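A.B. asks: Here's a sequence, model it:
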Amino acid sequence: MKRLALAGVLFILWTVLCAHSEPPLLVLHRLANKTDDWSTLRVTVQHRLIEDGREVQPLNVELHRPGEIRLGTGGVVTPLDKLSPGARVALELILYSGDKAQLAARLTQWGVNVEEQSLGLWRKTPCFILGAAYEGEARPQLWVERFEHVPVRLLFGITENGQVVTWEILFGDWSSPVADGLFPQTLSLYKNGKLFETWELQKASKG
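C.D. replies: Here you go, the predicted model:
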């Protein structure tokens, strides 16, 4: 009986979701409007590498629009190439999300077909999926929360040392008191299906 009730709820959610579809470029437009209210974003995160269990010093990140990322750890400037490819792409997505044209160009560069869209549920949350059909996990894709218009998931592939590596980035809890819609409270980065690193937001401010 409980399974039947759950199936009914999911069916209703799916029906509502499908009834409110939007063109792909409109999804990007709404995403840009949601995140275009800052020119500089400063955040401090706790950065943990899962493979060796190492937790680095709090990492300071500055995002300067239209297109600059600065890093620092313990008062020392950190080169961008010290970041994993997944972390760089996560920051670039946030940096360029306020400009529809730049965001579309970056997504295309990461292999996401911005002219294709489907609908799906991510952890019971209705989402637009740019670049692939629902459950088409093999293709690069961006998941955007249906009502809040924030990124929740990005899948893409990149060549590292001659081999194609798949990355999955999960953007968690944009609405936490610390995040306040500026930056995800958590970033979870999966490399070839295994958790590779996590970021936990400690503070955020905009300018």
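A.B. asks: From now on I want contacts and neighbour counts done on CA atoms only, so please keep to that.
C.D. replies: Noted.
A.B. asks: For burial, what's the neighbour tally of Ser176?
C.D. replies: Neighbours of Ser176 under the rule other C-alpha atoms under 10 Å: 15.
A.B. asks: so where do the strands sit in the chain?
C.D. replies: Secondary structure of the chain (DSSP state E): strands at 40-49, 54-55, 59-64, 68-73, 76-77, 117-122, 125-130, 141-145, 151-160, 163-172, 186-191, 194-206.
A.B. asks: pLDDT wise, what is Ala138 at?
C.D. replies: We have a pLDDT of 85 for Ala138.
A.B. asks: Could you dump the strands of the chain into CSV with distance to Trp110 and mean pLDDT added?
C.D. replies: Shown next, in CSV, are the strands of the chain (distance: least, C-alpha to C-alpha, whole Å; pLDDT from 0 to 100):
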stretch, distance to Trp110, mean pLDDT
strand 40-49, 23, 93
strand 54-55, 28, 72
strand 59-64, 20, 93
strand 68-73, 18, 89
strand 76-77, 27, 72
strand 117-122, 16, 92
strand 125-130, 12, 94
strand 141-145, 9, 96
strand 151-160, 6, 93
strand 163-172, 11, 95
strand 186-191, 15, 97
strand 194-206, 19, 95
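A.B. asks: nearest to Arg88, of these?
C.D. replies: Minimum separation from Arg88 across these (C-alpha to C-alpha) falls at strand 68-73, 9.1 Å.
A.B. asks: Contacts for that closest one next, please.
C.D. replies: Identification of contacts with strand 68-73 by C-alpha atoms under 8 Å, 6 or more residues apart in numbering yields Gln57, Pro58, Leu59, Asn60, Val61, Glu62, Leu63, Val77, Thr78, Pro79, Leu80, Leu91.
A.B. asks: Determine the number of other residues adjacent to Gly53.
C.D. replies: Counted by other C-alpha under 10 Å, the residues lying close to Gly53 total 10.
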